[in-house]
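>>> Here is a sequence with its predicted model. Questions after.
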Amino acid sequence: MQQAAANLQFEEAARYRDQLQALGLVQSRQFIDSRNPNAPHNIDILALAVEQGGVCINWTSIRGGRHVGDKNFFPDTRHDPDPNGQDYAEAFAAQHYLGKTKPDLVISNFRLPESLQEAISSEHGKAVQFVSNTRGERKVWLDMAVQNARLSVAPPAAKTAVRSGARCCAGRTHRPARSRIAAARMLRHQPHPG
């Protein structure tokens, strides 16, 4: 939306704005009602989008079967000319879940390494389910989160300098796991400006 406005494409920017507002309205009124009474009611949906040198991770929270909120996270990619979304997603998941309250189910459009899944589950007291290939209503939820992340993804790396000091050192895949976990601890969540 911001990029379209900057390029004086006001009609396109208005369409993006309207889509974001409509999605927000739907999500604010939405009750996630699974037909299966045994289904987990505490669910997180993580959607990764990497476009134009920017990375966005949309986190959607469902508690007690009700959509309670979502937020976009934008890791700093200024010093990463070719960001690997998987690295940023792993760093986000490690920081977001290790040492914190966890849902019963995490649905995402990326796969977390088994070692990270085990670390997260071991703190929960029971196995947290991680699903990256889904269908039915869960697929619809994930598709909505992915669309939100794509619409919100940061503009090219040169424009991300405007963000208020967000820093992320999420490592490349060739770094050892310890480096990625250290990088995850350094990830700061900054709301997208504007």
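Ah, there it is. Residues are numbered from 1 along each chain as shown.

>>> rest of the way, CA atoms for contacts and neighbours
Noted.

>>> Mind naming the longest helix for this protein?
helix 10-29 (DSSP state H).

>>> tell me which residues in that helix are buried?
Along helix 10-29, these residues count as buried under the neighbour rule (16 or more other C-alpha atoms under 10 Å): 12-13, 16, 20, 27.

>>> Likewise for stretch 79-92?
Buried, per 16+ other C-alpha under 10 Å, within stretch 79-92: 80, 83-92.

>>> Would you format the buried residues of helix 10-29 as a markdown table with pLDDT included?
Listed next are the buried residues of helix 10-29 as a markdown table, based on pLDDT from 0 to 100:
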| residue | pLDDT |
| --- | --- |
| 12 | 82 |
| 13 | 82 |
| 16 | 80 |
| 20 | 80 |
| 27 | 58 |
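
>>> so which pair among those residues is furthest apart in space?
12 and 27 (22.6 Å; C-alpha to C-alpha).

>>> related to what we said a few turns ago, partners of the helix or strand that the longest helix of the chain is followed by in the sheet?
Downstream of helix 10-29, the next assigned helix or strand under DSSP states H and E is strand 43-51. Strand 43-51 has the following strand partners under DSSP bridges: strand 54-63 (antiparallel), strand 105-108 (parallel).

>>> Can you name the residues in contact with strand 43-51?
55-63, 83, 85, 89, 103-110, 141-142, 145-146, 149-150, 153-154 (C-alpha atoms under 8 Å, 6 or more residues apart in numbering).

>>> Got a ChimeraX select line for the buried ones in the residues you listed?
Buried members of those, defined by 16+ other C-alpha under 10 Å, are picked up in ChimeraX with:
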select :55,56,57,58,59,60,61,62,63,83,85,89,103,104,105,106,107,108,109,110,141,142,145,146,149,150,153,154
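
>>> Name the nearest residue to residue 104, sequence neighbours excluded.
Nearest non-adjacent residue to residue 104, counting by C-alpha to C-alpha, 6 or more residues apart in numbering: residue 128, 5.0 Å away.

>>> do you know how far that neighbour is from residue 3?
Per C-alpha to C-alpha, to the nearest Å, residue 128 is found 38 Å from residue 3.

>>> More neighbours: those two, which one.
Neighbour count, other C-alpha atoms under 10 Å: between residue 128 and residue 3, residue 128 has more, with 19 against 15.

>>> And the more buried one, its phi and psi?
Dihedral pair for residue 128: phi -90, psi 130, per degrees, to the nearest 10.

>>> Let me know whether it touches residue 101 as I believe.
No: counting by C-alpha atoms under 8 Å, residue 128 sits too far from residue 101 to count as a contact (11.2 Å).

>>> got any residues that touch both of the two?
Taking C-alpha under 8 Å, 6+ apart as the criterion, residue 128 and residue 101 do not both touch any residue.

>>> okay, the residue lying closest to residue 64 once chain neighbours are set aside: pLDDT?
The shortest distance from residue 64 to any non-neighbouring residue, by C-alpha to C-alpha, 6+ apart, is to residue 41 (4.8 Å). With respect to pLDDT, residue 41 scores 74.
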